[in-house]
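**Q** One predicted model, sequence on top.
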Amino acid sequence: QVQLVESGGGLVEPGGSLRLSCGASGIIFRIETMGWYRRTPGKQRDLVAVIEDRGATNLADSVKGRFTISRDYAKNMVYLQMNSLKPEDTAVYYCNAAVRPDWATPPSDYWGQGTQVTVSS
């Protein structure tokens with residue numbers, strides 16, 4: 001089993017910045033991808049940003065130029081730096097990781113508990 005623990009959410013004014021962090025622990029041979037998704041009430045969970053094990057990133061069009069995703073491979077951490085925040089960025093943000101427990105087993109998806117980000121004046 002793998003546990004993902006997020007931190008860094010909160011209340012920020014429009015135009016402000018926040019940095020989300022997520023750490024993975026447990027039975028980990030290799031983390032294929034780590035990423036962030038978000039969900040607003042009544043909507044599905046949408047991709048915000050993902051980073052692969054070799055560093056390639058993919059960001060939603062709505063956050064390109066404002067958000068940056070990065071990983072600390074040694075610590076099994078992923079970060080989301082969010083700048084120029086807008087009210088429409090308000091959501092619960094979830095950390096995701098695709099993790100192999102050993103070299104032969106395909107990766108499984110794990111999710112954090114979610115952290116609230118509220119952008120409001």
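**A** It's in. Numbers count the residues shown, from 1 in each chain.
**Q** going forward, measure contacts between C-alpha atoms and count neighbours the same way
**A** Will do.
**Q** farthest residue from the center of the protein?
**A** No residue in the chain sits farther from the centre than Ala104, which is 26.0 Å out by C-alpha atoms, centre = their mean.
**Q** any idea where the strands of this structure begin and end?
**A** Secondary structure of the chain (DSSP state E): strands at 2-7, 10-12, 18-26, 30-39, 46-52, 57-59, 67-72, 77-82, 91-100, 108-111, 115-119.
**Q** a markdown table for those strands, including mean neighbour count and mean pLDDT?
**A** Formatted as a markdown table, those follow (neighbours: other C-alpha atoms under 10 Å; pLDDT from 0 to 100):
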| stretch | mean neighbour count | mean pLDDT |
| --- | --- | --- |
| strand 2-7 | 18 | 96 |
| strand 10-12 | 16 | 97 |
| strand 18-26 | 19 | 97 |
| strand 30-39 | 22 | 97 |
| strand 46-52 | 20 | 97 |
| strand 57-59 | 17 | 97 |
| strand 67-72 | 19 | 97 |
| strand 77-82 | 21 | 98 |
| strand 91-100 | 23 | 97 |
| strand 108-111 | 16 | 97 |
| strand 115-119 | 20 | 97 |
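**Q** Relative to Tyr93, how far out is the residue nearest the centre of the chain?
**A** Residue closest to the average C-alpha location in the chain (C-alpha atoms, centre = their mean): Trp36, at 2.4 Å. Distance, Trp36 to Tyr93, using C-alpha to C-alpha, to the nearest Å: 7 Å.
**Q** do the same with Ile69
**A** 13 Å.
**Q** one step back: tell me the spacing between the residue farthest from the centre of the chain and Tyr73.
**A** 20 Å.
**Q** and if you look at Tyr79?
**A** 11 Å.
**Q** do the same with Pro106
**A** Distance from Pro106 to Tyr73, by C-alpha to C-alpha: 19 Å.
**Q** With Thr115 instead?
**A** 22 Å.
**Q** got a pLDDT number for Thr90?
**A** Note on Thr90: pLDDT of 96.
**Q** how about the nearest residue to it, chain neighbours excluded?
**A** In space, and not counting its chain neighbours, Thr90 is closest to Thr118: 4.6 Å by C-alpha to C-alpha, 6 or more residues apart in numbering.
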